[in-house]
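Peer 1: With the sequence up front, the predicted model follows.
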2 protein chains.
Amino acid sequence: MRQVFHQSLHDVQVGLAEIADLVTIAIDKATRAFANSDVALAEEVIADDVHIDERAVALDELAIEILARQQPVARDLRIVVSALRMSASLERMGDMAEHIAQLARYRFPERAVPKGLKSTFARMAALDVEIARKLAELLRTQDVSLAEEIRNDDDAVDELHVSVFEKVLGESWKGEATATVDATLASRYHERFADHAVSVAKKIIYLATGDWAPDDEPVEL
Amino acid sequence: MRQVFHQSLHDVQVGLAEIADLVTIAIDKATRAFANSDVALAEEVIADDVHIDERAVALDELAIEILARQQPVARDLRIVVSALRMSASLERMGDMAEHIAQLARYRFPERAVPKGLKSTFARMAALDVEIARKLAELLRTQDVSLAEEIRNDDDAVDELHVSVFEKVLGESWKGEATATVDATLASRYHERFADHAVSVAKKIIYLATGDWAPDDEPVEL
């Protein structure tokens, strides 16, 4: 039974890492679509989000089956419950990538990235892609140092998020309402993407070390 | 054992309804703080969010204890898993109320509600408060007609959300960047609040009727 449980847990872990791979592809494409007003690439991300959703539902079914058949208790039970929460966070990361792609599509053929914020969004994008890549690796290796890196990357994303608002609300901002709306939404999507990754990383630390961290959502603007 | 399980399930149901009561108070205060630039009321909402978070964590612990002790299977198991998801959604509804309160606080002593959108936000606020109140009642009574009402109210919120963007992106919009940012964020928070309520309502329908609806997130701007 114990061995069956460990095999099941391994399947869950592999499933989560595979969803993280799809999320990495989604955020990479979405941020490129956003930067380059590439509507075809944006459409791809929007169409592919359903696959992330399906994988998340399938993983939840697997976790529920493990609960039903193997009736884990104590730490094992918490691990399976954590998996349900991780799949929900990964699914939301996919949604954030989709939202970024939608912004690119809405503004086409105009640029979605507001003037004066190109380098800021390029840095946020690079960080989000890096965070997703590290998250997939963390799910595969349980290397807790990656969780620390993700947390640091998220701090950097938060700083960029604040800087977007400073820019948009500053004296020198000449953007029209469209640019202001796009900057506001895009920045929030990039920031929420990273937040969800931190939430998953915390749960993997629990899987690896037994340190249970209750959900805590960072304060957002 | 069956009786113990039903008592436990009743405790979960009562716990969820109590969190929904706190969320109703939070969104009512937050939207009033936002409408009237009432910073003291905003501070209350921000300070009280921790209680919603604590209640959600406690409810999760109760659900995990039920899984561990009573090892439910089949439909019973899905009900307990649904409860974990419902508490997460209610907790996020509390966060949305907190975010609306934060907008009121940031802009104080200025008005947070942008000119020309006062009546729109008043209607969104009234709908969100009504949705939260109905959700608490639905959790207590399992009256599925309330779920239908919540869905209709959410459609009305979605329409108002779209109308905010039409206004802000329209020719006649004279708002400064601050007003544009506030309208964008506030509208999204109101809309997400209602979305989470619909997500909870769907799960209650499952509890009441056995119709299992997988999570589906509505498309958002």
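Peer 2: Received it, and whenever you're ready, just let me know what you need. This is a predicted model, so every value here is computed, not measured.

Peer 1: Determine which residue lies closest to the centroid of chain A.
Peer 2: Centroid check for chain A by C-alpha atoms, centre = their mean gives residue A:93 as the closest residue, at 3.2 Å.

Peer 1: ok, that one touching residue A:190?
Peer 2: No: with contact defined as C-beta atoms under 8 Å, residue A:93 does not reach residue A:190; the gap is 11.1 Å. Where you see a C-beta, it was placed from the backbone N, CA and C, and this is true even at glycine.

Peer 1: How many residues are close by the residue nearest to residue A:164 when sequence neighbours are not counted?
Peer 2: Spatial nearest neighbour of residue A:164, excluding adjacent residues (C-beta to C-beta, 6 or more residues apart in numbering or on different chains): residue A:187 at 4.1 Å. Neighbours of residue A:187 under the rule other C-beta atoms under 10 Å in any protein chain shown: 26.

Peer 1: Could you list the buried residues of the helix or strand hosting residue A:126?
Peer 2: Using DSSP states H and E, residue A:126 falls within helix A:118-141. Along helix A:118-141, these residues count as buried under the neighbour rule (16 or more other C-beta atoms under 10 Å in any protein chain shown): A:120-121, A:123-125, A:127-140.

Peer 1: Relative to the whole chain's centre, how far out is stretch A:75-93?
Peer 2: 14 Å (C-alpha atoms, centre = their mean, to the nearest Å).

Peer 1: Sort out which residues of it are buried, please.
Peer 2: Residues A:76-93 are the ones in stretch A:75-93 that count as buried (16+ other C-beta under 10 Å).

Peer 1: Output those of those also counted as contacts of chain B.
Peer 2: Under the cut-off given by C-beta under 8 Å from any C-beta of the partner chain, chain B has A:77-78, A:81, A:84-85, A:88, A:91-92 from those close to it.

Peer 1: would you list these in JSON lines and tack on secondary structure and pLDDT?
Peer 2: Shown next, in JSON lines, are these (DSSP: H, G, I helix; E, B strand; the rest coil; pLDDT from 0 to 100):
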{"residue": "A:77", "secondary structure": "helix", "pLDDT": "93"}
{"residue": "A:78", "secondary structure": "helix", "pLDDT": "90"}
{"residue": "A:81", "secondary structure": "helix", "pLDDT": "94"}
{"residue": "A:84", "secondary structure": "helix", "pLDDT": "95"}
{"residue": "A:85", "secondary structure": "helix", "pLDDT": "94"}
{"residue": "A:88", "secondary structure": "helix", "pLDDT": "96"}
{"residue": "A:91", "secondary structure": "helix", "pLDDT": "97"}
{"residue": "A:92", "secondary structure": "helix", "pLDDT": "97"}
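
Peer 1: Go through those and name the one nearest residue B:66.
Peer 2: Proximity of these to residue B:66 (C-beta to C-beta) peaks at residue A:77, which lies at 10.6 Å.

Peer 1: for the closest one, what are its contacts?
Peer 2: A:67, B:64, B:67-68 (C-beta atoms under 8 Å, 6 or more residues apart in numbering or on different chains).

Peer 1: give me the element residue A:112 is part of.
Peer 2: Assigned by DSSP H and E, residue A:112 belongs to no helix or strand.

Peer 1: Near it, how many other residues are there?
Peer 2: By the measure other C-beta under 10 Å, the count of residues near residue A:112 is 28.

Peer 1: so who does it touch?
Peer 2: Shown in contact with residue A:112 (C-beta under 8 Å, 6+ apart): A:34, A:37, A:103-104, A:106, A:182, A:186.

Peer 1: Dihedrals phi and psi, it?
Peer 2: phi -80, psi -30 (degrees, to the nearest 10).

Peer 1: which residues of chain A score low on pLDDT?
Peer 2: A:1, A:210-221 (pLDDT under 70).

Peer 1: where along it do the helices fall?
Peer 2: A:2-36, A:39-70, A:74-107, A:118-141, A:144-168, A:177-209 (DSSP state H).

Peer 1: Distance to residue B:50 for these - can I get that in TSV?
Peer 2: As requested, those are exported to TSV (distance: least, C-beta to C-beta, whole Å):
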stretch	distance to residue B:50
helix A:2-36	30
helix A:39-70	29
helix A:74-107	20
helix A:118-141	27
helix A:144-168	20
helix A:177-209	18
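
Peer 1: To residue B:15, which of the ones you listed lies closest?
Peer 2: Comparing these under C-beta to C-beta, the one sitting nearest is helix A:74-107, at 16.6 Å.
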